[in-house]
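Asks: from the sequence below, what's the structure:
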Amino acid sequence: MNDTFRSGYVALIGEPNVGKSTLLNALLRQKISIVTDKPQTTRHKILGILSEPEHQIVFLDTPGIITPAYLLQEVMMQFAASAVADADIVLLLVDAVKAKEKRYAPDDQAVAKIRAANKPTFLVVNKIDLLTKEEVLPLLMELQMLFPFDEVVPLSAATGFNTRELVAAIVKYLPVHPPFYDTETVSDAQERFFVSEIVREKLFEQYKEEVPYSATVDIIEFKERGKGKFFIAADIIVERDSQKGILIGRQGAALKRLGAASRNAIENFLGHPVFLELHVKVRADWRGDRRWLSAFGYTSPD
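Replies: Have a look, this model is predicted:
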């Protein structure tokens, strides 16, 4: 590495469903963060690493900023806060369509977090492909009044428009520093984590209402095999017997569909055939129980 190499951490924060995970996947040119059309899909602080010849950017994808209603959401907000604390640069993502319909205020929760950070801060206005050119400029001017942003970048994470311009802007603010991670590494998370997230993504896609929000996925066994299929056993944890019944479905049909969709996505991710075994278990009020949260990997960063 030369003495001009730049490396640093960049936090992506914003309200739920503004496209943080879609943007992370677009920047890395591969999918490491699950994406659904439902809010609050992301529960962890997910690290994604973009390594290029002259720089390394360590992105921190975070849960959408909300007012917590139970302990799991409190931990999720702690993940978001720790990402901002760890970052060299903070990106505030805003959904262009929602911003056009709603006036953001200086005391909005996400704006308050960047105000307290005292770090280089970018306004990233996502989904501008859904607006007309005539609508974009007035919106950008209005949003810039929220905070003295160091950079303002309109883009579309879904189409990739202006994502390279965002990377170029970020690099200018990174400190001169050797890479923090091996340049072949894309994330610090293990395959078990990504597999559990894939199953959770399929839960959000297949089930409605409260079931996906009341569920988590615990990988019980993960056996890699040089020949034959990998063996993966996972428990899907819910809070009530009624949710268990919905997940399993009539004669197990719903769970079979979930298993098939999850297995296909896992095989695409791992590049290897998989035998996936799913079980549904009830753990009453696990989202409000610190012991269960810790057991399922939702450990407070404090």
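
Asks: can we go C-alpha only for contacts and neighbour counts from here?
Replies: OK.

Asks: quick one, phi psi at residue 48?
Replies: Dihedral angles of residue 48 (phi, psi; degrees, to the nearest 10) stand at phi -130, psi 130.

Asks: count the residues that sit near it.
Replies: 26 (other C-alpha atoms under 10 Å).

Asks: and for the one 5 residues further on?
Replies: Under the neighbour criterion other C-alpha under 10 Å, residue 53 is assigned a count of 10.

Asks: ok, now how distant is it from residue 187?
Replies: Spatial separation of residue 53 from residue 187 under the definition C-alpha to C-alpha, to the nearest Å is 18 Å.

Asks: end to end, how far does stretch 267-278 reach?
Replies: Using C-alpha to C-alpha, the end-to-end distance of stretch 267-278 comes out at 15 Å.

Asks: tell me the buried residues in it?
Replies: Counting neighbours by 16 or more other C-alpha atoms under 10 Å, one finds that the buried residues in stretch 267-278 are 267, 269, 273, 274, 276, 278.

Asks: the third one and residue 230 touch, don't they?
Replies: It stands for residue 273. Yes. Look at residue 273 against residue 230 with C-alpha atoms under 8 Å: they come within range, at 6.3 Å.

Asks: which neighbours do those two share?
Replies: Counting by C-alpha atoms under 8 Å, 6 or more residues apart in numbering, residue 273 and residue 230 have no contacts in common.

Asks: need the contact partners of the least confident helix or strand in the chain by mean pLDDT.
Replies: Counting by mean pLDDT, DSSP states H and E, the chain has its least confident helix or strand at helix 109-117, which shows a mean of 83. Contacts with helix 109-117, where a contact means C-alpha under 8 Å, 6+ apart, come from 13-15, 65-66, 81, 84-85, 90, 92, 105-106, 121, 146-147.

Asks: residue 39 - that's part of a strand, no?
Replies: No. Counting by DSSP: H, G, I helix; E, B strand; the rest coil, residue 39 is not part of a strand but coil.

Asks: for it, grab phi and psi.
Replies: For residue 39, the backbone dihedrals (degrees, to the nearest 10) come out as phi -70, psi 160.

Asks: got the contact list for it?
Replies: The contact partners of residue 39, by C-alpha under 8 Å, 6+ apart, come to 16, 17, 64.

Asks: of those residues - the most surrounded one?
Replies: residue 64 (25 neighbours).

Asks: that one and residue 211, how far apart?
Replies: Plainly put, residue 64 is 19 Å away from residue 211 if you go by C-alpha to C-alpha.

Asks: cool, residue 231 as well?
Replies: With distances defined as C-alpha to C-alpha, the gap from residue 231 to residue 211 amounts to 26 Å.

Asks: also residue 141?
Replies: Applying C-alpha to C-alpha, the value for residue 141 to residue 211 is 40 Å.

Asks: of the two, who's got more company?
Replies: Neighbours per residue (other C-alpha under 10 Å) separate residue 141 from residue 211, with residue 211 holding more: 20 against 11.

Asks: against residue 156, how distant is residue 134?
Replies: 16 Å.

Asks: and these two? which has more neighbours close in?
Replies: When neighbours are counted by other C-alpha under 10 Å, residue 156 comes out ahead of the other of residue 134 and residue 156, with 23 against 8.

Asks: for the more buried one, list each beta-bridge partner.
Replies: Judged by DSSP bridges, the bridge partners of residue 156 are residue 161.

Asks: show me the contacts for it.
Replies: Under the criterion of C-alpha under 8 Å, 6+ apart, the contact partners of residue 156 comprise 126, 127, 128, 129, 162, 163.

Asks: ditto for residue 50
Replies: Residues near residue 50 by C-alpha under 8 Å, 6+ apart: 27, 28, 56, 57, 58, 59, 186.

Asks: can you do 6 Å?
Replies: By C-alpha atoms under 6 Å, 6 or more residues apart in numbering, the residues touching residue 50 are 28, 56, 57.

Asks: just checking, it is part of a strand?
Replies: Yes. When classified by three-state DSSP, residue 50 is found to be part of a strand.

Asks: so what's it bridging to?
Replies: Applying DSSP bridges to residue 50 gives these bridge partners: residue 57.

Asks: that one and residue 271, how far apart?
Replies: Here residue 50 is placed at a distance of 21 Å from residue 271 (C-alpha to C-alpha).

Asks: strands along the stretch 151-300 of the chain, start to end?
Replies: Here the stretch 151-300 of the chain has its strands, by DSSP state E, counting those that start in this stretch, at 151-154, 216-223, 230-238, 274-282.

Asks: out of those, which comes closest to residue 195?
Replies: Taking C-alpha to C-alpha as the criterion, residue 195 comes closest to strand 216-223 out of the strands of the stretch 151-300 of the chain, the separation being 7.9 Å.
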